[in-house]
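# this one's structure only:
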């Protein structure tokens, strides 16, 4: 007889084994290391006998205050003699030498704001000074006094510096006026870290704890127990649920934010550990540490378990966007029925279960589980999860098979069996069900608005398909594909507040030869919008879409972000391509290359020598046109972000232009605001 059991789960599982991070590289330098500055994997270290690049001494550079530009091309050194020297980070060649002599004081620290557009320095007399590097005479502008001994970090969300002294946190006023936003803690602050993606401030304290504070300094959200010694440095894992902390005794700690406990703690340096997180283009993450000795150490974090809850939530959100889309062959009634709240909830619940089971299956050791009987209790051991014990009054039984195994994923990142069926050799069957509900976070996107957007998208996709087909018949769009899609997303603004944003993406991509005639893609070395029929057609269609459809979600107060991407293939630029200031000269202009913030330099003297420049200029051609033409975006509050990418191979399929238009906070418009 089949027995149905609804029993509470006694134990959840944890993957056995000690969580750890592994040292994978180290360098011992000629003298104790006093500090470091980096751009990605470009790492500079200041020691008692001069500057090093990783394990190699750079004799061309002296000692003093130093900083690597967040745009990656330059390293600045403020010498004790009063010079500000700019070096190229690729070959260490001197680029510029500026005289910044200060009477009776010198710079003890120099640093940039977030995107490398402004440089600041703190002097030996505690003055904060804005530095304007340029040819010839150097310009210095005092900003504020009283920065002696301050810890300082840039907050890109609020565009200002966070500072700390003793028990107080406050934001610096860059207009020279006294700070107004402050927070007093009950212990001295020994380290600070701004986490813009989380809209948080981390404050390491002198008792080994870490205070987690909202970025507005209005409240302390949490306190993490790291150790007992003063914290000297802090960093979140850039993707997953870990906090890395160094302390004054030379220990490195790894704190699991989901399990709320330390999972690694080890003395690795002489004292005062400083941490940097390095991440390469392939996403590989390493820690780099120093600590008042002559050694720099690199640590792999590959053995740390990923945040399974993050993975499930990201994939679930993507699945919801896909589910809401309307098929061109779907009738209006069928679409309304399929996307009802009841059907959507069931789809998300089933999809979440499938995702959880898929992740758990990657961990499970194959083979039959072990079954142990003790009195009226059965214990099922499914490796590598902790055993599940439940009451069954089964007597002496031997397990034959187990099937229909489904899992739960808990907030602490652990899995446990949700339900399963057991069949015993004596023919008895047993079903275990934890009866735990499948919690699916209620969608934050209004269903009716999501449906409206999906139907608008389908109309636009049909119109685009007709346009492309007709142009291809006339031989005007050879060897390219044009596409568009849209989605609603609940995201955070710079202050951490929820806003409902509409993302509409238009893209063209090259294709392998499909007929005679010149390709509508950019010819080799060209970058103006008029050089590509595909790019100009895409922009015109985007502007027509804004006029005919998007205007319903816009007004003059709407903030619009244009995220522009220009992609080339991997074929290198063989000879310098002329650039005649079509869009003006660019010097350390912030953009993103392969996803990382970088600084672009191009003018008639340099010409175009790299794919990164070519991809950027194609995006700027789009921007130049949008800024000049009268359109629905002429009165909105516009922001542009430029992305350049180099493909993994050679061929037209790796070349593309993508225009992502983000209408922010559209609820205001749809609510009549």
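Perfect, I can see it now. Since the model is a prediction, treat every value here as computed from it, not as a measurement.
# need the strands for the stretch 301-450 of the chain, in chain order.
Along the stretch 301-450 of the chain, counting by DSSP state E, counting those that start in this stretch, strands occupy 370-374, 377-381, 388-391, 399-409, 415-424, 429-433.
# could you list the buried residues of the third one?
Residues 388, 389, 390 are the ones in strand 388-391 that count as buried (16 or more other CB atoms under 10 Å). C-beta: built from backbone N, CA, C; applies to glycine.
# would you confirm that residue 263 contacts residue 256?
Yes - under the criterion of CB atoms under 8 Å, residue 263 makes contact with residue 256 at 4.9 Å.
# the more surrounded of these two?
Counted by other CB atoms under 10 Å, residue 263 and residue 256 do not tie: residue 256 has more neighbours, with 19 against 16.
# which ones are touching that one?
Residue 256 makes contact with 19, 241, 242, 262, 263, 413 under the criterion CB atoms under 8 Å, 6 or more residues apart in numbering.
# please repeat the previous calculation with a cut-off of 10 Å.
With contacts defined as CB atoms under 10 Å, 6 or more residues apart in numbering, residue 256 is in contact with 19, 240, 241, 242, 243, 262, 263, 264, 304, 305, 412, 413.
# with residue 95 instead?
Here residue 95 is in contact with 73, 74, 75, 76, 85, 86, 87, 88, 89, 133 (CB under 10 Å, 6+ apart).
# SS state for it?
The local conformation at residue 95, judged by DSSP: H, G, I helix; E, B strand; the rest coil, is strand.
# and for residue 157?
Relying on three-state DSSP, one would call residue 157 coil.
# pretty sure it is touching residue 497, no?
No - using CB atoms under 10 Å, residue 157 is not in contact with residue 497; the gap is 11.0 Å.
# may I ask you to name the longest helix in the chain?
helix 447-473 (DSSP state H).
# in the helix or strand following that helix, what's buried?
Downstream of helix 447-473, the next assigned helix or strand under DSSP states H and E is strand 480-492. By neighbour count on 16+ other CB under 10 Å, the buried set for strand 480-492 is 480, 482, 484, 486, 487, 488.
# what does the average pLDDT come to for the helix or strand following strand 480-492?
Next in sequence after strand 480-492, counting helices and strands by DSSP H and E, comes strand 498-510. Averaging pLDDT along strand 498-510 gives 95.
# over to stretch 22-39?
The model assigns stretch 22-39 a mean pLDDT of 92.
# which residue ranges of the stretch 551-673 of the chain form helices?
With DSSP state H, counting those that start in this stretch as the criterion, the stretch 551-673 of the chain has helices at 611-628, 666-670.
# out of the ones you listed, nearest to residue 501?
The minimum distance between residue 501 and those falls on helix 666-670, with 6.9 Å, by CB to CB.
# shaky segments in the chain?
Applying pLDDT under 70 to the chain picks out residues 1-19, 134-138, 176, 281, 368, 392-397, 441-443, 513-517, 669-673.
# quick one, helices of the stretch 151-300 of the chain?
Under DSSP H, counting those that start in this stretch, the stretch 151-300 of the chain gives no helices.
# intersection of neighbour lists for residue 157 and residue 497?
Both residue 157 and residue 497 are in contact with residue 199, where contact means CB under 10 Å, 6+ apart.
# who has more neighbours, these two?
Between residue 157 and residue 497, counting by other CB under 10 Å, residue 157 is the more crowded of the two (19 against 10).
# residue contacts, the more buried one?
114, 194-197, 199, 215-216, 492-496.
# next one: it from residue 128, what distance?
Residue 157 sits 20 Å away from residue 128 when distances are taken as CB to CB, to the nearest Å.
# pretty sure residue 230 is touching residue 203, no?
No - counting by CB under 10 Å, residue 230 stays clear of residue 203, with 11.9 Å between them.
# which one of those two has more residues nearby?
residue 203 (27 against 19).
# now the more buried one. Nearest residue, chain neighbours left out?
Setting aside the residues directly before and after it, residue 203 is nearest to residue 211 in space (CB to CB, 6 or more residues apart in numbering), at 4.3 Å.
# is the one you found in a bridge, and if so with what?
residue 203, residue 223 (DSSP bridges).
# for it, list the residues it contacts.
Contacts of residue 211 (CB under 10 Å, 6+ apart): 169, 183, 185-187, 189, 192, 201-205, 220-224, 231.
# can you flag the buried ones in the residues you listed?
169, 183, 185, 187, 189, 192, 201-205, 224, 231.
# just put the residues you listed in TSV and tack on distance to residue 364.
Below are the buried ones among the contacts of residue 211 laid out as TSV (distance: CB to CB, whole Å):
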residue	distance to residue 364
169	46
183	47
185	45
187	45
189	45
192	42
201	40
202	36
203	41
204	39
205	41
224	32
231	38
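# quick check, nearest of those residues to residue 452?
Using CB to CB, the buried ones among the contacts of residue 211 come closest to residue 452 at residue 201, 39.0 Å.
# for the longest helix of the chain, buried residues please.
Applying 16+ other CB under 10 Å to helix 447-473 flags 449-450, 453-454, 456-458, 460-461, 463-464, 467-468, 471-472 as buried.
# again, but for stretch 109-125
Applying 16+ other CB under 10 Å to stretch 109-125 flags 109-116, 119-123 as buried.
# now do stretch 99-107
Of all the residues in stretch 99-107, those buried under the rule 16+ other CB under 10 Å are 100, 102, 106, 107.
# OK, contacts around the last one?
Counting by CB under 10 Å, 6+ apart, residue 107 makes contact with 64-66, 77-80, 82, 84, 100, 120-124, 127, 129, 131, 140.
# now for the closest residue to residue 249 other than its chain neighbours, how many residues are close by?
Among residues not flanking residue 249 along the chain, residue 229 sits closest, at 4.6 Å (CB to CB, 6+ apart). The local packing of residue 229 (other CB under 10 Å) involves 19 other residues.
# in contact with residue 229, which residues?
190, 206-208, 246-251, 253, 271-272.
# shouldn't residue 267 be in contact with residue 289?
No - between residue 267 and residue 289 no contact is recorded; they are 11.4 Å apart, counting by CB under 10 Å.
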